[in-house]
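# dropping a prediction and its sequence here:
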Amino acid sequence: MSKYDTVLDPYFAALGDPTRRMILQRLARGKASVSELAKPHNMAMPSLMEHLKKLETANLITSKKEGRTRICELAPKAFTPAQNWLSEQCAIWEERQAYDDL
């Protein structure tokens, strides 16, 4: 991985917003319509759609039309990029800690 892996930028930017994290938590339980995702949030539909767009751009969710309804779901292996990066960082930190303890 390069020093500045730009693939992770939209991913962590998407995760940095509490509304988007709430949407991801809801989708972890299963598919949901856009209107269902909008219910707990006090915002206009265009604002919610912007959040969904950022989640899709980061490859965290997918959406498709089913009739007149747009259905969203977590993307397959949605959290793998963050898990891989965090695992790499943990290994570096643990190695450094082991070295510091010597």
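It's in.
# buried set for the helix or strand of the chain with the lowest mean pLDDT?
Counting by mean pLDDT, DSSP states H and E, the chain has its least confident helix or strand at helix 80-100, which shows a mean of 86. For helix 80-100, the neighbour count (16 or more other CB atoms under 10 Å) marks 81, 85 as buried. All C-beta atoms are positioned from the backbone trio N, CA, C, and that covers glycine.
# could you say what helices and strands that helix packs with?
Counting contacts by 3 or more CB pairs under 8 Å, 6 or more residues apart in numbering; DSSP states H and E, helix 80-100 is packed against helix 8-15.
# and the gap between the residue positioned nearest the centre of the chain and residue 68?
Geometric centre of the chain, nearest residue: residue 60, 4.5 Å, by CA atoms, centre = their mean. Here the distance between residue 60 and residue 68 works out to 24 Å (CB to CB, to the nearest Å).
# quick one, the least confident helix or strand of the chain and helix 8-15 angle?
100 degrees (axes from the mean of the first three to the mean of the last three CA atoms, to 10 degrees).
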